[in-house]
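Enquirer: Provided below for reference: sequence and predicted model.
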Amino acid sequence: MPELPEVETIRRLLGRQLAGKRVEAVTFGARRVTMYPRPAEFKRQLIGVTVLGVGRRGKYLTFDLSNSRKLVLHLGMSGQVRRFGQDAMHKHEHMRLRFSDGETVSFVDARRFGKVCLTDGGALPKPIKGMERMGPEPIATGYSAAFLAACLSGRSASVKNLLLDQRVACGVGNIYSDEALHRAGVRPSRRAGSLKPSEVSRLTAAMGRVLKDGIRWCGTTMKDGGYVLVDGTAGAFQNRLRVYGREGEKCRRRGCKGVIQRKRIGGRSTHFCSACQK
Ligand SMILES: [Zn+2]
């Protein structure tokens, strides 16, 4: 599932490609994801409008439009933003925008957990209402160990579970939470309230670092995962993962002889080293 680094990678690619371009046509595929409003209203609101820029909040991609609306995409489990040119609509393509210079952008989602919404003034439509409750992002300059400590304090849920809460660590999902916990030397099953201040500090730093590394390497493309760059090529961070997807393999921490384990925590498949994560 695309997390902050994957969505940020797409945002950077699209920002360069689309800023200043005017939407000329909107086409819908047969298979639909969650969409708001209806297709006819989408066309009415998008055609003739210019994309001023492409932004991101957590795992949401936002297109700022010249009619002061925003087009908001959530990639769900397997959503992709692709550029197919003038090809016929693809099998899992839900929406395609064509711009005045002939450029196109498509939203593709085989598993259909994604969302495509237009905002109307200040209020967010129901499918993306969750955006209003999102907290700070661990890559933001103001994100602090004091904030994370306050979120974890007194909580009996596992630390892994709380890192997946978008109010605690906005943009973090299953892959980057496992990676950050490994880098911090903290076991994912630990009760959140039991972390020492030094562990919270390490975890704060590790989240920022691993998300930034993920962006630098253009995100994580797993074998079964849907995430690819706009041109269909894979990201490169999967080659640098220390625990995620590495069950049974040797721990990559220097000097550690541990083997990576996989366990379900809070319903999510979680990877860790039982030797160096305490
Ligand atoms: Zn280890």
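Expert: Everything's here; your move. Numbering: from 1, shown residues only.
Enquirer: who's in contact with the residue nearest to G76 when sequence neighbours are not counted?
Expert: Distances taken as Cβ to Cβ, 6 or more residues apart in numbering put F113 closest to G76, at 3.0 Å, once the chain neighbours are dropped. (Each C-beta comes from the backbone N, C-alpha and C, glycine too.) With contacts defined as Cβ atoms under 8 Å, 6 or more residues apart in numbering, F113 is in contact with V33, G76, M77, S78, G79.
Enquirer: and what of R57?
Expert: R57 neighbours (Cβ under 8 Å, 6+ apart): M131, M134, C170.
Enquirer: quick revisit: quick one: which of the contacts of F113 is nearest the ion?
Expert: M77 (29.0 Å; Cβ to the ion).
Enquirer: which phi and psi values does that closest one adopt?
Expert: When read as degrees, to the nearest 10, the backbone of M77 gives phi -90, psi -40.
Enquirer: okay, now it: neighbour count?
Expert: 15 (other Cβ atoms under 10 Å).
Enquirer: quick one: contacts for it?
Expert: Here M77 is in contact with M1, R111, F113, G114, G226 (Cβ under 8 Å, 6+ apart).
Enquirer: any idea how far it is from G235?
Expert: Look at M77 and G235: by Cβ to Cβ, to the nearest Å, they are 16 Å apart.
Enquirer: quick revisit: so which of the contacts of F113 belong to strands?
Expert: Secondary structure from DSSP state E places G79 of those in strands.
Enquirer: now the contacts of F113 as a markdown table including distance to R69 and pLDDT?
Expert: Shown next, in a markdown table, are the contacts of F113 (distance: Cβ to Cβ, whole Å; pLDDT from 0 to 100):
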| residue | distance to R69 | pLDDT |
| --- | --- | --- |
| V33 | 19 | 89 |
| G76 | 22 | 91 |
| M77 | 26 | 88 |
| S78 | 26 | 90 |
| G79 | 20 | 92 |
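Enquirer: now the buried members of the contacts of F113.
Expert: V33, G76, S78, G79 (16 or more other Cβ atoms under 10 Å).
Enquirer: residue contacts, H182?
Expert: R242, V243, R253, H271, F272, C273, C276, Q277.
Enquirer: one more time with 10 Å, if that's ok
Expert: 188, 206, 210, 241-244, 246, 251-253, 260, 271-273, 276-277 (Cβ atoms under 10 Å, 6 or more residues apart in numbering).
Enquirer: contacts with the ion among the residues you listed, please.
Expert: Filtering those for neighbours of the ion using Cβ under 5 Å from the ion leaves C251, R253, C273, C276.
Enquirer: among those residues, the buried ones, what's the PyMOL command?
Expert: The following PyMOL line selects those of the ones next to the ion among the contacts of H182 that are buried, judged by 16+ other Cβ under 10 Å:
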select buried, resi 251+253+273+276
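Enquirer: quote the end-to-end distance of stretch 37-56.
Expert: For stretch 37-56, the separation between the terminal residues is 21 Å (Cα to Cα, to the nearest Å).
Enquirer: buried ones in it?
Expert: Neighbour-count burial for stretch 37-56 [16+ other Cβ under 10 Å]: F42, Q45, L46, V49, T50, V51, L52, V54, R56.
Enquirer: contact partners for the fifth one?
Expert: I take that to be T50. L18, A19, G20, K21, R22, V23, D64, L65, S66, N67, F99, S100.
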